[in-house]
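Trainee: got a predicted structure plus its sequence, pasted below:
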Amino acid sequence: MAISKRQRAMYIRYAVYVLSVVAVIAVALFVDWQKLQRAMFDWAIVKEQFPRILTGAAKNTVIFTVLGFAGGLSFGLLFALMRLSTIRPYRWLAATYIEIFRGIPLLVTLLILGFGIPIATGWQWPNPFMQGAVPLALVASAYMAETIRAGIEAVPKGQMEAARSLGMSYPRAMFTIVIPQALRIIIPPLTNEFVLLIKDTSLISVLGVTDATRDLARFGRDGVNHSANATPLIVAGLVYLAMTLPLTQLVAYMERRAKAAGK
Amino acid sequence: MSSEAILIDDYVVNVTDLNKSFGTNHVLRGIDLHVQRGEVVCIIGPSGSGKSTLLRCVNMLEQPSGGSIVVLGRELTHIDCDIDEARSKIGMVFQQFNLFPHMTALENICVAQRKVLGRSKAEAAMKGLQLLARVGLTEKADAYPGQLSGGQQQRVAIARALAMDPDVMLFDEATSALDPELVGDVLNVMKGLAEEGMTMLVVTHEMGFASNVATRVVFMDGGVIVEEGPPSQVINAPQQERTRSFLSSVLNH
């Protein structure tokens, strides 16, 4: 019996649908939900996490993120301007920096700067927060430099020309005319970088940290060690989500609005 | 007084043997152009003839490849010249207006007054409002460029350039991007400026404006000045074949 292509596609879709329903039912029936809940979401342990997970760990994550972002933004702007410079050595220097720090995994950079160099030289980070925040900012600045450069290049050339024709110097025209417009363009991608940074701060937990600088990931991991239960890490994950989800939604909203305005 | 001092006093723009290449493309081939105070020089010619490049060289938005440019007694092509200072005396109006979209009309007119000339906020705003009144846009002081028509934007752009009290104004196809019914307002503002004695270099396709307002018309083609003289001569009785064929294609529609 010949069936049309469209009919066949319909049968396949039904079959996939039925199979998925069967799979969900099977999981629901055969998984030991109580055991799973005890191992991963034990209410007693959840309650134990609060309020310290917010007042200590989440606060430290925010501190690392803000330090990394502020440092990344300032150095990123510097490297973006160097890449756009007419002076060749500046361009080369910035390009080299960007390629190096984008090419090495953040974890390795963190280990080299936060762990390797201090252990090898005996030199100490003057502030325990800087040990994690500085490598984070260095890597963030490499990514942000490219974002900022793209934003500056997206501002029409005529803006710079009009500003220069009024007698403004290049730096003055850049800072009063071009960069304010570039910032509007790059606010969504910069917010995305911020979300990435929130998540990347979790890598700092591999460094030997003091109680005062424990971030969310480290707090969750220590909790798991302490309780022999996965709940503290699950809770830490949920706190990350509580921070990142509103921001990703904000980015989606800004991009929708920019798209609508562009029409 | 030496002859050079007279030159500086009487001539606002002195372009001598100007050459400009973009890569292998030789756009300007030995241009000589001397503009006296109060002259209105209209530069006409087919697209690609180099007229916009010439204008952009006069305030060094394009780096000349050779030759010299002296504007208001400052040798712009000299390595020691303070280009920013010189540009603040040379007003420029662009085809695409190039207003700053993140500032209101009044802020557009004030920003360079404050940052370049160091005028106070009140001083700059007073000057800005005077100029807005002059271009007929007093009620648009707080409007953003995106809320203005092309003709209104261009009038704000002219006011922005005039706010610096320039000694010479450059117009780079100032009406080419406008809807036909908006061209008149902009041309009227330009005509008013010319009548007040402003020295103007105008790259344009508006032959009516060139005929009525220009003191001199320069016809360019292929990177050279083919013909120049009063509009009655260049537009109404061109001597060169290339000028004639260009004008007949522009005028006979």
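Mentor: Perfect, I can see it now.

Trainee: just the pLDDT for residue A:164.
Mentor: At residue A:164, the pLDDT value in this model is 97.

Trainee: could you check how far it is from residue B:94?
Mentor: Distance from residue A:164 to residue B:94, counting by Cβ to Cβ, to the nearest Å: 12 Å. From N, CA and C alone the C-beta is placed, and that goes for glycine too.

Trainee: pull the contacting residues for residue 226.
Mentor: I'll assume chain A. residue A:232 (Cβ atoms under 8 Å, 6 or more residues apart in numbering or on different chains).

Trainee: correction: the question concerned chain B.
Mentor: B:45, B:219-220, B:240, B:242-243.

Trainee: and the closest residue to chain A within the stretch 101-250 of chain B, which of the three is it?
Mentor: Scanning the stretch 101-250 of chain B for the residue nearest chain A gives residue B:112, at 3.7 Å (criterion: Cβ to the nearest Cβ). Assigned with DSSP: H, G, I helix; E, B strand; the rest coil, residue B:112 falls in the helix class.

Trainee: neighbours of it, just the number please.
Mentor: For residue B:112, the tally of surrounding residues (other Cβ atoms under 10 Å in any protein chain shown) stands at 28.

Trainee: who's in contact with it?
Mentor: Applying Cβ under 8 Å, 6+ apart, the residues contacting residue B:112 are A:163, A:166-168, B:88, B:160, B:163-164.

Trainee: thinking again about what came up before, of the contacts of residue B:226, select the buried ones using a ChimeraX command.
Mentor: The ChimeraX command for the buried members of the contacts of residue B:226 (criterion: 16 or more other Cβ atoms under 10 Å in any protein chain shown) is given here:
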select /B:45,219,220,242,243
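
Trainee: for the contacts of residue B:226, which one is nearest residue B:187?
Mentor: Within the contacts of residue B:226, the smallest distance to residue B:187 is 19.0 Å, found for residue B:45 (Cβ to Cβ).

Trainee: that closest one and residue B:223 touch, don't they?
Mentor: No: with contacts defined as Cβ atoms under 8 Å, residue B:45 does not count as touching residue B:223, sitting 9.9 Å away.

Trainee: quick check, the residue in chain B closest to chain A?
Mentor: Closest point on chain B to chain A, by Cβ to the nearest Cβ, is residue B:88, at 2.9 Å.

Trainee: nearest residue to that residue other than its sequence neighbours?
Mentor: Spatially, and ignoring its direct neighbours in sequence, residue B:88 is nearest to residue A:167 (2.9 Å; Cβ to Cβ, 6 or more residues apart in numbering or on different chains).

Trainee: where does chain A have low pLDDT?
Mentor: A:1, A:262-263 (pLDDT under 70).

Trainee: which bits of it sit near chain B?
Mentor: A:156, A:158-159, A:161-169, A:172, A:176-177, A:180-181, A:184 (Cβ under 8 Å from any Cβ of the partner chain).

Trainee: mark which of those are part of helices, please.
Mentor: If you go by DSSP state H, the residues of chain A next to chain B have A:158-159, A:161-165, A:172, A:180-181, A:184 in helices.

Trainee: could I have the buried ones of these as ChimeraX selection syntax?
Mentor: Remark: buried members of those, expressed as a ChimeraX selection using 16+ other Cβ under 10 Å:
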select /A:159,161,162,163,164,165,172,181
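
Trainee: quick check: the farthest pair among the ones in helices among the residues of chain A next to chain B?
Mentor: Across those (Cβ to Cβ), the longest gap, 22.8 Å, separates A:165 and A:184.

Trainee: circling back to that earlier point, keep only those of the contacts of residue B:226 that are in strands.
Mentor: B:219-220 (DSSP state E).

Trainee: thanks a lot, catch you later.
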